[in-house]
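got a sequence here, can you build the structure:
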Amino acid sequence: MEQPIQVRTGATGTKTGTSSAANLRSLPAGTFTTIEKLDLGGSLQARKLTGDAVQFYWRYSHEGHTFREAIGRYDPSAPPKKREPTSAGYSLAAARERCRLLADQHGRRKATGGLRQIKTEERDEFKARSAVQAERSTRTLQGLLDTYIAHLKALGRRSHVDAAGIFKAHVTGAWPKLAGAPAADLTADDVLDMQRRLIEQGKGRTANKLRSYLHAAYQCAIDVRMSAALPVAFKAYAAHVNPVAQTKRDPKFDRADKRPLSTAELQSYWQIIKKLPDLRGSVLRLHLLTGGQRVHQFVKLRWVDTGADRFTIFDAKGRPGQGPRPHVLPLLRRAVSVIQEFERQGEYVMTTTKGRRPIEATTVTGWAHDAVGDEIVGFQLKRVRSGVETLLAANGISREIRGHLQSHGLTGVQARHYDGHDYMPEKRHALEVLHAAIEPPKCRRVTR
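The predicted model follows:
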């Protein structure tokens, strides 16, 4: 049978009493009441709070000072003999057991500060863990991807635009939780889920490109510990393993779908743009007459890089860290006359801002599509570039010369270090072959 607590006031103002399973809610409000002394030291106390709430404490002494350690609320619905706390609080038996554990901890560390020192160490550890977690929260996958894009920009790599678009659509937009999580937590399964989603949408090529960009970003974060050429910003992401390296790309999605324009289609295209008025016609004609260069490089042509019989654009698709490579192209007489159609002002040749900025590659693509309309089935401006190479190959121009004309395939030690020839005569001949093929014989003019 439960016995009520018999309370008396001690010299310190603390009330003491005897109990078996007391009705704790009958305690006087606001006063610490000793429930019982403990064998391991100290005592179990209770204090009635606002309303019927009761809080348990362990009261103990250390080096001449008295302390109280809060245990938890009293749960009147808990089984009286239950020694583990419930979700609502403690039974009297559970509070007694908690006091016993605290007394045991205090006793074992009594010589080195006791329970108070233990609590201090726990707080310090919690703060340290919180600081680490807070720091990790700033080392997100999104942050790593942004750092990688900035790195590509600094290198002058045109691929930063493509990478940024793919990351925005297929990482940040599609997987916001992963993007906001620490970069070091990304797993191979996460990468595969990203790829799988794109493949299921019929975007296999994009899936492979996403994998390549992710792999490169993580490799930068790993290599920053070995290469001083990489920005120190990568170091913050604490990446020690490249999760993308544990996945595979699907080679069937890497097959280019250029569908080069046939010679007949190139002839039709030339007739369409040959008399196209204003800036649109001038840009598209110069693009074809100089061999179908990469549009995003072509539109950045500057007046300072334009001469009487040649011009120079810059290819940023070279080896990482090497910067854009000059790509010099000869100008046939017809191309020179086209350049004379541009108004010479400002820095850039092809511009709608009086030379302050070049026109966008997407603008040129739109002009070409609008001009062609339905006259060439499935027309895309990129098919002009592959069509030019196909035409030249069919007319006996070697793979090497085509590579020098269109600035691709120039790899290997020999090409980088030993071959100093500028190939201008060969490139000029290739352009003459191109012009002869696209201009019908009855309309052909001498271009030399």
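
low pLDDT regions in this protein?
Scanning the chain for pLDDT under 70 picks out the ranges 1-23, 25, 130-138, 255-258, 317-323, 409-420, 440-448.

where does the most centrally placed residue in it sit: helix, strand or coil?
Centroid check for the chain by Cα atoms, centre = their mean gives L145 as the closest residue, at 2.3 Å. What DSSP: H, G, I helix; E, B strand; the rest coil gives for L145 is helix.

likewise the one 5 residues further on?
Per three-state DSSP, the local secondary structure of A150 is helix.

which residues touch it?
Going by Cβ atoms under 8 Å, 6 or more residues apart in numbering, A150 touches 231, 233. All C-beta spots, glycine's among them, are computed from the backbone N, C-alpha and C.

circling back: quick one: contacts for the residue nearest to the centre of the chain?
The contact partners of L145, taken as Cβ under 8 Å, 6+ apart, are 163, 167, 171-172, 179, 217.

change it to 10 Å
Residues near L145 by Cβ atoms under 10 Å, 6 or more residues apart in numbering: 163-164, 166-168, 171-172, 179, 183, 213-214, 217-218.

quick check: of these, which lies closest to T50?
Nearest to T50 among the contacts of L145 is A179, at 45.5 Å by Cβ to Cβ.

how close does the closest one get to F167?
Going from A179 to F167 by Cβ to Cβ, to the nearest Å gives 9 Å.

hey, what's in contact with both of those two?
With Cβ under 10 Å, 6+ apart, A179 and F167 have common neighbours 141-142, 144-145, 173.

give me the domain ranges for the chain.
Segmentation of the chain into domains, based on automatic domain parsing, reads 8-132, 139-254, 263-443.

before we move on, back to that, quick one: which of A179 and F167 has more around it?
Per other Cβ atoms under 10 Å, whichever of A179 and F167 has more neighbours is F167, with 23 against 20.

for stretch 393-401, output the C-alpha coordinates as CSV.
C-alpha atoms of stretch 393-401 as CSV (Å, rounded to 0.1, in the frame of the first residue of the first chain):
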residue,chain,number,x,y,z
ALA,A,393,36.7,13.3,-97.2
ALA,A,394,34.8,12.3,-100.3
ASN,A,395,37.0,14.7,-102.3
GLY,A,396,40.3,13.3,-101.1
ILE,A,397,41.2,15.6,-98.3
SER,A,398,43.0,13.5,-95.6
ARG,A,399,41.8,13.0,-92.1
GLU,A,400,44.9,14.9,-90.9
ILE,A,401,44.2,18.0,-93.0
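
so which residues of the stretch 51-200 of the chain form helices?
All helices of the stretch 51-200 of the chain, identified by DSSP state H, counting those that start in this stretch, fall at 92-108, 114-138, 141-154, 159-167, 176-180, 188-200.

contact partners of the shortest one?
Read that as helix 176-180. Applying Cβ under 10 Å, 6+ apart, the set of residues contacting helix 176-180 from outside is 137, 140-145, 167-168, 171-173, 185-187, 190-191, 193-194.

which of the residues you listed are buried?
For those, a burial check counting by 16 or more other Cβ atoms under 10 Å picks out 140-145, 167, 171-172, 186, 190-191, 194.

save these as CSV, and put in distance to H106 too.
Below are the buried ones among the contacts of helix 176-180 laid out as CSV (distance: Cβ to Cβ, whole Å):
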residue, distance to H106
T140, 42
L141, 45
Q142, 47
G143, 45
L144, 46
L145, 51
F167, 54
V171, 51
T172, 51
L186, 44
D190, 46
V191, 50
M194, 52
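
how about the contacts made by C99?
If you count contacts by Cβ under 10 Å, 6+ apart, C99 has them with 35-36, 38, 40-45, 56-60, 69, 71.

can you report how many residues lie near the nearest residue to it once chain neighbours are set aside?
Among residues not flanking C99 along the chain, W58 sits closest, at 4.3 Å (Cβ to Cβ, 6 or more residues apart in numbering). By the measure other Cβ under 10 Å, the count of residues near W58 is 25.

mind listing the residues bridging to W58?
Per DSSP bridges, the residues bridged to W58 are L44, E69.

surely it is in contact with E97?
No - in this structure W58 lies outside contact range of E97 using Cβ atoms under 10 Å: 11.0 Å.

pull up the overlap in contacts between those two.
Counting by Cβ under 10 Å, 6+ apart, the common neighbours of W58 and E97 are I71.

ok, now which ones touch T147?
Contacts of T147 (Cβ under 10 Å, 6+ apart): 183, 217, 220-221, 231, 233-234, 236-237.

looking at the residues you listed, which are in helices?
217, 220-221 (DSSP state H).

turn the residues you listed into JSON lines, columns for neighbour count and distance to P76.
Below are the ones in helices among the contacts of T147 laid out as JSON lines (neighbours: other Cβ atoms under 10 Å; distance: Cβ to Cβ, whole Å):
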{"residue": "A217", "neighbour count": "26", "distance to P76": "58"}
{"residue": "C220", "neighbour count": "23", "distance to P76": "61"}
{"residue": "A221", "neighbour count": "24", "distance to P76": "56"}
